[in-house]
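Colleague: Everything below, folded, please.
(2 chains)
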Amino acid sequence: NAGVTQTPKFQVLKTGQSMTLQCAQDMNHEYMSWYRQDPGMGLRLIHYSVGAGITDQGEVPNGYNVSRSTTEDFPLRLLSAAPSQTSVYFCASSYQQGSGYTFGSGTRLTVV
Amino acid sequence: AQRVTQPEKLLSVFKGAPVELKCNYSYSGSPELFWYVQYSRQRLQLLLRHISRESIKGFTADLNKGETSFHLKKPFAQEEDSAMYYCALSGLYSGNTPLVFGKGTRLSVIA
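Modeller: Purely as a prediction, here's the structure:
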């Protein structure tokens, strides 16, 4: 049982490049979310999904896109990377609200 | 709108001293409160959730709806408790309410 798997673990991008951060879970969880973690800012919600085909914006959605075509996968796309998107990104999933989220190990992204 | 406030960025205590990490929340519905812990450069782990009323690693937390608080407590701090602690809020009966975090408190236990 792998839990929540995020790839890549580390990434360096040049300003203006695009990329997709992958997130997959094998626990048949309906709820999935993306957060970014920055010093002094805690974890801020980027996008979330309550099931396949359903996504919604969180606190800081600008510059990011998501889709949820399957229950297992919830990729996060950076459309045109900016230095302000340098951060650690965490994906998380939950069976239902109230049961607690399981987190991935994170992707450390640097935009130069 | 949901909001979680952790007023302390850093809390330093001596080993064996009591610990209280503060968390206050704002939410119009019935809240579901959690504490997560993150050890150095690791993934976040669920520590406590209010609905289960359990004690993990000696930590407890009680939901006080009157004061809209969910403070995390431990009677005797250990060095291995040093970590980042995040309070988080979701809606108890609202399936569409995402999990929202506070900014976190770094606990440093001094030997």
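Colleague: Around chain A, pick out the residues from chain B.
Modeller: For chain B, the residues in contact with chain A (C-beta under 8 Å from any C-beta of the partner chain) are B:6, B:9, B:32, B:34, B:42-46, B:49, B:51, B:86, B:90-92, B:94-104. No exception for glycine: its C-beta is placed from N, CA and C like everyone else's.
Colleague: which helices and strands does the longest strand along chain A pack with?
Modeller: When every strand of chain A is counted residue by residue (DSSP state E), the longest turns out to be strand A:42-51. Using 3 or more C-beta pairs under 8 Å, 6 or more residues apart in numbering or on different chains; DSSP states H and E as the contact criterion, the neighbours of strand A:42-51 among helices and strands are strand A:31-38, strand A:54-57, strand A:64-66, strand B:100-101.
Colleague: Am I right that residue A:8 is in contact with residue A:105?
Modeller: No. Shown here, residue A:8 and residue A:105 do not form a contact pair, counting by C-beta atoms under 8 Å, at 10.9 Å.
Colleague: So for the two, which residue has more residues nearby?
Modeller: residue A:105 (16 against 11; other C-beta atoms under 10 Å in any protein chain shown).
Colleague: Would you check how far apart that one and chain B are?
Modeller: Residue A:105 sits at a distance of 5 Å from chain B (criterion: C-beta to the nearest C-beta, to the nearest Å).
Colleague: Serialize the helices and strands packed on strand A:42-51 to CSV and add fields for mean pLDDT.
Modeller: Putting the helices and strands packed on strand A:42-51 into CSV (pLDDT from 0 to 100) gives the following:
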stretch, mean pLDDT
strand A:31-38, 95
strand A:54-57, 94
strand A:64-66, 97
strand B:100-101, 92
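Colleague: Could you pull out the strands in the chain for me?
Modeller: By default, I'm working from chain A. In chain A, the segments counted as strands under DSSP E are A:4-7, A:10-13, A:19-25, A:31-38, A:42-51, A:54-57, A:64-66, A:76-78, A:87-94, A:102-103, A:107-111.
Colleague: not quite, I wanted chain B
Modeller: Using DSSP E, the strands of chain B run over residues B:3-5, B:10-14, B:19-21, B:24-26, B:31-38, B:45-49, B:60-61, B:72-74, B:83-91, B:100-101, B:105-110.
Colleague: give me every residue that touches the spatially most central residue of chain A.
Modeller: With distances taken as C-alpha atoms, centre = their mean, chain A has residue A:34 as the residue nearest its mean C-alpha position (3.1 Å). For residue A:34, the contacting residues are A:21, A:23, A:45-48, A:58, A:64, A:66, A:74, A:76, A:89-92, by C-beta atoms under 8 Å, 6 or more residues apart in numbering or on different chains.
Colleague: Same check on residue A:65?
Modeller: By C-beta under 8 Å, 6+ apart, residue A:65 lies in contact with A:76, A:77, A:79.
Colleague: still on that earlier bit, could you give the bridge partners of the residue nearest to the centre of chain A?
Modeller: Listed by DSSP bridges, the beta-bridge partners for residue A:34 are residue A:47, residue A:91.
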